[in-house]
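Enquirer: need a 3D model of the sequence below.
(chains A, B, C and D)
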2 protein chains.
Amino acid sequence: MQLNQSTDYAFRAVLHMASLPAGCVVTGAAMAGQQMIPPRFVLKIMHMLSKAGIVSSHRGTGGGFSLAKPAEEISLYDVIVAMEGELAIHRCLGERNSCNKHCTEECPVHATLGRLQDQLIEGLKSTNFGALARERVDREQRSHYRE
Amino acid sequence: MQLNQSTDYAFRAVLHMASLPAGCVVTGAAMAGQQMIPPRFVLKIMHMLSKAGIVSSHRGTGGGFSLAKPAEEISLYDVIVAMEGELAIHRCLGERNSCNKHCTEECPVHATLGRLQDQLIEGLKSTNFGALARERVDREQRSHYRE
DNA sequence: AGTATACTATACCGGAATAGTATTGATTTG
DNA sequence: CAAATCAATACTATTCCGGTATAGTATACT
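Expert: Coordinates of the predicted model:
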């Protein structure tokens, strides 16, 4: 019951771009280096984010990736869905009939899990990378003043 | 990001026992049949639940499994931990240092995920099988009256 | 034009985890 | 002692995960 490694990498990549001035273009190699993402793997991840409309890509010399929309409009949930598809903490809550008991309607366990899942998704949707990036900058500034 | 199939089976098994009069002993085979759990697999699951102190086992003729404590004292979270270990929706929130960025302290993504995880776990802990079983009985009675 | 840069798209691969089966053995009851 | 039933563990087939490799395409600079 864990998010994938790739999703974590994707979080890093998006946060990285969200921390730069809007519209900034970064190469995959640069991101791999700074965010500790395997150099080849980063391309696969960016590709998925790009297909999901979260980042846009620019080819050729001076190319790279940039956010496809304001960081405020990208939520944790958006990135998760881009990398893993819709979140379903329990099989039955994802695809119907994956449950061989076919009890989706009557089962109180499923009902409870469904409620908790909704609450989790709500929390993930209400956190955007604009806020997250600002949080980090704030902290960096604070720690700068402390020194 | 999904609970295991085994965990679902475990939910069924515990709910099954919670729906019977307290102290009832059921054989693995019976549970497998009624809850649509592969007959051999059910033993493995009961074994894990037994090691976790959720059910107790009775060998020999007339033996089987029963709940080791009142259904009210068994939460969804207890069963999840018995089957999969402590819940961690994100690597870094489980074992420290699994994150090659070592950013557990500063990373706002981790902070947010941590908060959401706590909320989820809280919800799972506050749901017990006594209540779940009663919910089901209620519903069965309601549907009985309707007919 | 030609070349270097950088992404696109997809195929491939090894290792771990899942889901489930099988086997041998230990207890308990009758 | 025999039958029932769980204990413990080994085994297996398949899928998923994390990551690599490669061949190709678009862009920019000279």
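
Enquirer: pull the contacting residues for A:Arg12.
Expert: Applying C-beta atoms under 8 Å, 6 or more residues apart in numbering or on different chains, we find A:Arg12 in contact with A:Gln35, A:Met36, A:Ile37, B:Lys101, B:Val109. To be clear about C-beta, it is placed using only N, CA and C from the backbone, and glycine gets the same treatment.

Enquirer: likewise A:Ile89?
Expert: A:Met1, A:Leu113, A:Leu116, A:Gln117, A:Leu120, B:Met1, B:Gln2, B:Leu3.

Enquirer: quick check, it in a helix?
Expert: No - per DSSP: H, G, I helix; E, B strand; the rest coil, A:Ile89 lies outside any helix segment and is coil.

Enquirer: check it and give its pLDDT.
Expert: In this prediction, A:Ile89 carries a pLDDT score of 95.

Enquirer: distance of it from B:Arg134?
Expert: Distance from A:Ile89 to B:Arg134, counting by C-beta to C-beta, to the nearest Å: 23 Å.

Enquirer: from what I see, A:Ser75 and A:Ala131 are in contact.
Expert: No - here A:Ser75 lies out of contact with A:Ala131, judged by C-beta atoms under 8 Å, at a distance of 9.8 Å.

Enquirer: which bits of chain A sit near DNA strand D?
Expert: Within chain A, the residues that sit near DNA strand D (C-beta under 7 Å from any atom of the strand) are A:4-6, A:9, A:38-41, A:43-44, A:58-63, A:84.

Enquirer: contact partners for the residue minimising distance to the centre of chain A?
Expert: In chain A, the centroid-proximal residue (C-alpha atoms, centre = their mean) is A:Val79; its distance is 2.6 Å. Neighbour list for A:Val79: A:Thr7, A:Ala10, A:Phe11, A:Val14, A:Leu49, A:Ile54 [criterion: C-beta under 8 Å, 6+ apart].

Enquirer: try 6 Å
Expert: For A:Val79, the contact set (C-beta atoms under 6 Å, 6 or more residues apart in numbering or on different chains) comprises A:Ala10, A:Val14.

Enquirer: swap in the one 3 residues further on?
Expert: With contacts taken as C-beta under 6 Å, 6+ apart, A:Ala82 has the following neighbours: A:Met48, A:Leu49, A:Ala52, A:Ile54.

Enquirer: which non-adjacent residue is nearest it?
Expert: A:Ala52 (3.5 Å; C-beta to C-beta, 6 or more residues apart in numbering or on different chains).

Enquirer: distance check, that neighbour against chain B.
Expert: Look at A:Ala52 and chain B: by C-beta to the nearest C-beta, to the nearest Å, they are 17 Å apart.

Enquirer: also A:Val55?
Expert: 17 Å.

Enquirer: ok, that residue touching A:Phe65?
Expert: Yes - shown here, A:Val55 and A:Phe65 form a contact pair, counting by C-beta atoms under 6 Å, at 4.8 Å.

Enquirer: mind checking the SS state of A:Ala22?
Expert: A:Ala22 ends up coil, using three-state DSSP.
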